[in-house]
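Asks: fold the following and give me the result.
(4 chains)
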There are 2 protein chains.
Amino acid sequence: MRAEVENLSSSEDIVQLADMFRLMGDASRLSIILVCLKGPTSVGDIAQRLGLSASLVSHHLRLLRAARVLRAERRGKQMFYCAADDHIECVIGDMVAHIGEPTEETD
Amino acid sequence: MRAEVENLSSSEDIVQLADMFRLMGDASRLSIILVCLKGPTSVGDIAQRLGLSASLVSHHLRLLRAARVLRAERRGKQMFYCAADDHIECVIGDMVAHIGEPTEETD
DNA sequence: ACAACATATGAACATCTATTCATATGTTGT
DNA sequence: ACAACATATGAATAGATGTTCATATGTTGT
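Replies: Next up, the predicted model:
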């Protein structure tokens, strides 16, 4: 087992980790993250592409920014959001791989 | 961007992915997963180690098994649970790395 | 068959959370 | 300063979810 995972014992660490997963565990937020992975995108663009209200997107963006999943940058009157680092993409990629894993028969 | 992540477009895929993250986004469930990553563990053991009721652990295990995060194996009257594949550990490892990432000053 | 143990399940409840609506803040051009 | 636009924020609400309690199912030994 990877050392980083092995050494997870304190309940604070686990809560923090769970908070991150819960943040990605909503289809609207996850969609927002996926859009932002493609490149810096304005709030209005995100809302339009996903068919969500600008208000809802803004609420979600606040959480994602607070958790440093995304970071914001102002350009004129618009705000552009993009991925804060590339671990998020790894996390998603691994999870996609898990879902694609063939089912075991021993159930 | 990784091809697996790039090609995520259908909303069904995104919902399925979000469901996986939401499943890991609870401290109790995440703790259960972490225990099971160390090796096959019985329901009673999990409950005792984490200080949770056997009933609650069983409820969570049903969800985790349904999502093929964990798989079950009977030994006598006990049920032992362990990780279904090793993608889950990767996902957690990447997320730990994200959390450990130094904060940007541009906020 | 019965008792003892381990796990699973269903209903009920309190708490959390995503979404909407209304409103505020901030920015650019005239 | 004002209007027009973009984003952010706060309150309210309907629906989801984690936990508990009681009970059922399944397994092993006598």
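
Asks: can you tell me if stretch A:20-33 touches DNA strand D.
Replies: No: legend: contact between stretch A:20-33 and DNA strand D by Cβ under 7 Å from any atom of the strand is lacking; minimum distance shown is 8.1 Å. C-beta: built from backbone N, CA, C; applies to glycine.

Asks: may I have that stretch exported as CSV, CA atoms only?
Replies: Written as CSV, here are the backbone C-alpha positions of stretch A:20-33 (Å, rounded to 0.1, in the frame of the first residue of the first chain):
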residue,chain,number,x,y,z
MET,A,20,-12.8,16.4,-1.0
PHE,A,21,-14.5,13.3,-2.3
ARG,A,22,-17.9,14.6,-1.3
LEU,A,23,-17.2,17.8,-3.2
MET,A,24,-16.6,15.8,-6.3
GLY,A,25,-19.6,13.6,-5.6
ASP,A,26,-22.2,15.8,-7.1
ALA,A,27,-22.9,15.7,-10.8
SER,A,28,-23.2,19.4,-11.3
ARG,A,29,-19.9,20.1,-9.5
LEU,A,30,-18.1,17.3,-11.3
SER,A,31,-19.3,18.6,-14.6
ILE,A,32,-18.0,22.0,-13.7
ILE,A,33,-14.6,20.5,-12.8
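
Asks: what's the spacing between that stretch and its chain's center?
Replies: Going by Cα atoms, centre = their mean, to the nearest Å, the spacing between the C-alpha centre of stretch A:20-33 and its chain's C-alpha centre is 5 Å.

Asks: compute the inter-axis angle for the helix or strand harbouring A:Glu89 and helix B:87-100.
Replies: With the criterion set as DSSP states H and E, the secondary-structure element containing A:Glu89 is helix A:87-100. Angular relation of helix A:87-100 and helix B:87-100 on a 0 to 180 degree scale: 170 degrees, by axes from the mean of the first three to the mean of the last three Cα atoms, to 10 degrees.

Asks: other residues contacting helix A:87-100?
Replies: A:24, A:33-34, A:37, A:69, A:83, B:1-2, B:4-5, B:8, B:16-17, B:20-21, B:68-69, B:85, B:87-88, B:90-91, B:94-95, B:97-98, B:101 (Cβ atoms under 8 Å, 6 or more residues apart in numbering or on different chains).

Asks: now, of those residues, which are buried?
Replies: With neighbours counted using 16 or more other Cβ atoms under 10 Å in any protein chain shown, the contacts of helix A:87-100 contain these buried positions: A:24, A:33-34, A:37, A:69, A:83, B:1, B:4-5, B:8, B:17, B:20-21, B:68-69, B:87-88, B:90-91, B:94-95, B:97-98.

Asks: up against DNA strand C, what does chain A have?
Replies: Of all the residues in chain A, those in contact range of DNA strand C (Cβ under 7 Å from any atom of the strand) are A:22, A:25-29, A:52-53, A:55-56, A:59-60, A:74, A:76-77.

Asks: most surrounded residue in the residues you listed?
Replies: Neighbour counts for those (other Cβ atoms under 10 Å in any protein chain shown) peak at A:Arg29, which has 23 neighbours.

Asks: does that residue belong to a helix or a strand, and which?
Replies: For A:Arg29, the enclosing helix or strand under DSSP H and E is helix A:27-37.
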